[in-house]
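A.B. asks: Sequence below, structure please.
(chains A and B)
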Amino acid sequence: MLLNQLQKELFTAIRIGGDLSQVQSVVSTQGLSAVERLSTYQRSSLLKITACLEDDFQVTKSFLGEELFDELSHKYFSKYPADTHFINECGKNFPFFLQQEPLQQQHPFLSDLAKMEWLRVESFFNFFDYRTPHPVSIDYELHRIMVNPSLIKMASSWPIHKIWEDEVAYPIEPSELFIWTTENRKVHCEAWSKENTLVLNTLLSSGTIEEASEKLAQDMGVDELNTIFQEVAPEWVSSGLFEILVSER
Amino acid sequence: MSKKYPHLGYGLGLRPEHFDEILQGQSLMDWFEVLTENYMGIPGSGQSPLLKKLLRLRKDYPIVLHCVSINIGGTDPLDLSFLEQLKDMIKLVEPAWLSDHLCWTGVEGHNTHELLPLPYTQETVNHVSERINKIQDILGQRFMIENTSSYITYKDSEMSEWDFINEIIKKTDCGLLLDINNVYVSSQNHNFDPHKFLDAIPIQNVGQIHIAGHDKRENGLIVDTHDSEVCAEVYGLVSYMGQKCQSPSLMAEWDDNIPDLKTYELQVFKAKEILDKAGPNVT
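C.D. replies: As a prediction, the model looks like this:
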């Protein structure tokens, strides 16, 4: 058997739920069948990647329960075998996989919950890009906005970011979730009212406070804008969403 | 004649659990080996806290990079972008050397995250040797391969594992990371004399030795779990090696149920004591 054929045969049997007894290339010896020998690899391979998935999707697992989560993990890895060198990336398709599962109809927020958990992982790693050199200073005074590079946004109709809180009936309404990581390696997940989200998004997409104010003044009154700036913006800064840097003269 | 690898002394496979203690100077080891992929795969150009710690440690200790996913025996083309990332790691960490396992890990773009054995055939010898030579060209340095433990053998195999390793080393002059626990595990799973393995390998190419613990399953298979103390039989083989040659750099691995640093280091001190007593009959 050619090496490539042998590897495809083994891969199918070990990783994507093929029938171990159909493997032609492996010998049964010392009273142990080829199936018994191969199952050692099958178990070990699945254990490693399932442990990784459990780490990254702890809330989803807790919601589904261990048995169902295990069943779905096995199905997921058969459908989406790992395709990177890094085992910590093996969960990247799990939210999409859940979206295609019949279970999603019963729990319509399920794939959003998994997606939020995955984005938390990505945000955690993105944070390591932080502390890059500050922008080159310019020759007039402006309030520059430096966005936390770990920030990731996702849209959801479900209040999934409140899942850690006590059981409360939150309204279902479209919202934008902001996921970011701070210096203490804490990952935050938050959503704000429609008006505040508009202000925040404008700040994040503008180079300076002055530029953002100019854009926002066209959509809302100066008083309303001032209120948001005074009441919510300090919270955004203190929670590490962005920094305001005053350019040097 | 192959150039000899430097003798680093006695080391450990570095685990994140022990990082801080070691940085605080609480280790008696001479050097450390790290699993390369754990320090890579970080999106963007930033450095993970783990990599930052490794670079701090590098100021005080020699480091060896150990990979698990080059897929040396794979039939997919070598992943050149991954090898470029490895080159960046080599530049950053300046390891004493870099190694990976003599195995295959995936096919058709998929990764099993398992170290799967190869059939010991001339076809495989040629295939693997060509890839090792290419890796050595790309990385611009001598590469080291580790013998893996295995639970299966193939119908197509035409030679013993040690002949297979010898043939590859003849064609590539790569280094050999001799995992003595893997020799023992495979010898029990495939019924051969581990001393025969140790007698046959090209000693001059051995640059590093691994020792580790394993687990015996109910069906009789020994599984390379790295989750317990090194057993007497493996120390026996360390002693046997010690009588044959000056021991290369030796280290212990422990990957599951990881103990405190002192217990971990004890595995290495036991080997050192054995080697000090053994002394080579042949140099």
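A.B. asks: so where is chain A shaky, pLDDT-wise?
C.D. replies: Scanning chain A with the threshold set as pLDDT under 70 gives A:128-141, A:166-168, A:247-249.
A.B. asks: per-domain residue ranges of it.
C.D. replies: What automatic domain parsing lists as the domains of chain A is A:1-107, A:119-249.
A.B. asks: For chain A, which segments count as strands?
C.D. replies: Shown for chain A, the strands assigned by DSSP state E span residues A:143-147, A:152-156, A:175-181, A:187-190, A:242-246.
A.B. asks: Please render these as JSON lines that adds distance to chain B to the earlier fields.
C.D. replies: For glycine as for every other residue, the C-beta is placed from the backbone atoms N, C-alpha and C. Putting these into JSON lines (distance: least, CB to the nearest CB, whole Å) gives the following:
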{"stretch": "strand A:143-147", "distance to chain B": "14"}
{"stretch": "strand A:152-156", "distance to chain B": "11"}
{"stretch": "strand A:175-181", "distance to chain B": "11"}
{"stretch": "strand A:187-190", "distance to chain B": "14"}
{"stretch": "strand A:242-246", "distance to chain B": "17"}
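A.B. asks: Please identify the most buried of those strands.
C.D. replies: Using mean count of other CB atoms under 10 Å in any protein chain shown, the stretch among the strands of chain A with the largest mean neighbour count is strand A:175-181, at a mean of 22.
A.B. asks: strand partners of that strand, parallel vs antiparallel please.
C.D. replies: Strands adjacent to strand A:175-181 in the sheet, as given by DSSP bridges, are strand A:152-156 (antiparallel), strand A:187-190 (antiparallel).
A.B. asks: Contacts for the last one, please.
C.D. replies: In other words, strand A:187-190. Residues from elsewhere that reach strand A:187-190, judged by CB atoms under 8 Å, 6 or more residues apart in numbering or on different chains: A:116, A:120, A:123-124, A:161, A:177-182, A:239-240.
A.B. asks: if you set the cut-off to 6 Å instead, what comes out?
C.D. replies: Residues outside strand A:187-190 that contact it (CB atoms under 6 Å, 6 or more residues apart in numbering or on different chains): A:Arg120, A:Ser123, A:Phe124, A:His161, A:Phe178, A:Ile179, A:Trp180, A:Thr181.
A.B. asks: Quick check: B:Asp76 vs B:Gly140, distance?
C.D. replies: Using CB to CB, to the nearest Å, we find B:Asp76 at a distance of 23 Å from B:Gly140.
A.B. asks: more crowded one of the two?
C.D. replies: Higher neighbour count among B:Asp76 and B:Gly140: B:Asp76, with 14 against 8, using other CB atoms under 10 Å in any protein chain shown.
A.B. asks: Which secondary structure state does the more buried one sit in?
C.D. replies: coil (DSSP: H, G, I helix; E, B strand; the rest coil).
A.B. asks: Please determine how far it is located from B:Glu108.
C.D. replies: Computed as CB to CB, the B:Asp76 to B:Glu108 distance reads 7 Å.
A.B. asks: And A:Met1, by the same measure?
C.D. replies: 16 Å.
A.B. asks: and the residue nearest to A:Thr60 when sequence neighbours are not counted, how many neighbours?
C.D. replies: Nearest residue to A:Thr60, sequence neighbours excluded (CB to CB, 6 or more residues apart in numbering or on different chains): A:Ala114, at 4.8 Å. Residues near A:Ala114, counting by other CB under 10 Å, number 27.
A.B. asks: residues in contact with A:Ala114?
C.D. replies: Going by CB under 6 Å, 6+ apart, A:Ala114 touches A:Phe57, A:Thr60, A:Phe94, A:Pro95, A:Leu98.
A.B. asks: which one among these gets closest to chain B?
C.D. replies: A:Phe94 (15.8 Å; CB to the nearest CB).
A.B. asks: what does chain A put close to chain B?
C.D. replies: Within reach of chain B by CB under 6 Å from any CB of the partner chain, chain A has these residues: A:1, A:3-4, A:7-8, A:11, A:15, A:25-27, A:30, A:36-37, A:40-41, A:45, A:48, A:81-83, A:85-87, A:125-126, A:128-129.
A.B. asks: at 7 Å what do you get?
C.D. replies: By CB under 7 Å from any CB of the partner chain, the residues of chain A that approach chain B are A:1, A:3-4, A:6-8, A:10-11, A:14-15, A:25-27, A:29-30, A:32, A:34, A:36-38, A:40-41, A:44-45, A:48-49, A:81-89, A:125-126, A:128-130.
A.B. asks: Against which helices or strands is the longest helix along chain A packed?
C.D. replies: Criterion DSSP state H: the longest helix present in chain A is helix A:34-56. The elements that helix A:34-56 packs onto, with contact taken as 3 or more CB pairs under 7 Å, 6 or more residues apart in numbering or on different chains; DSSP states H and E, are helix A:3-15, helix A:66-79, helix A:110-126, strand B:110-116.
A.B. asks: can I get the strands paired with strand A:175-181 in TSV with distance to A:Glu211?
C.D. replies: Listed next are the strands paired with strand A:175-181 as TSV, based on distance: least, CB to CB, whole Å:
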stretch	distance to A:Glu211
strand A:152-156	20
strand A:187-190	24
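A.B. asks: Of all those strands, which one comes closest to B:Ser249?
C.D. replies: strand A:187-190 (39.7 Å; CB to CB).
A.B. asks: quick one: the strands in the stretch 101-250 of chain B?
C.D. replies: B:104-107, B:110-116, B:143-146, B:175-179, B:206-211, B:215-216, B:222-223, B:249-252 (DSSP state E, counting those that start in this stretch).
A.B. asks: Distance from the chain centre to the last one, please.
C.D. replies: For strand B:249-252, the gap between its own C-alpha mean and the chain's C-alpha mean amounts to 10 Å (CA atoms, centre = their mean, to the nearest Å).
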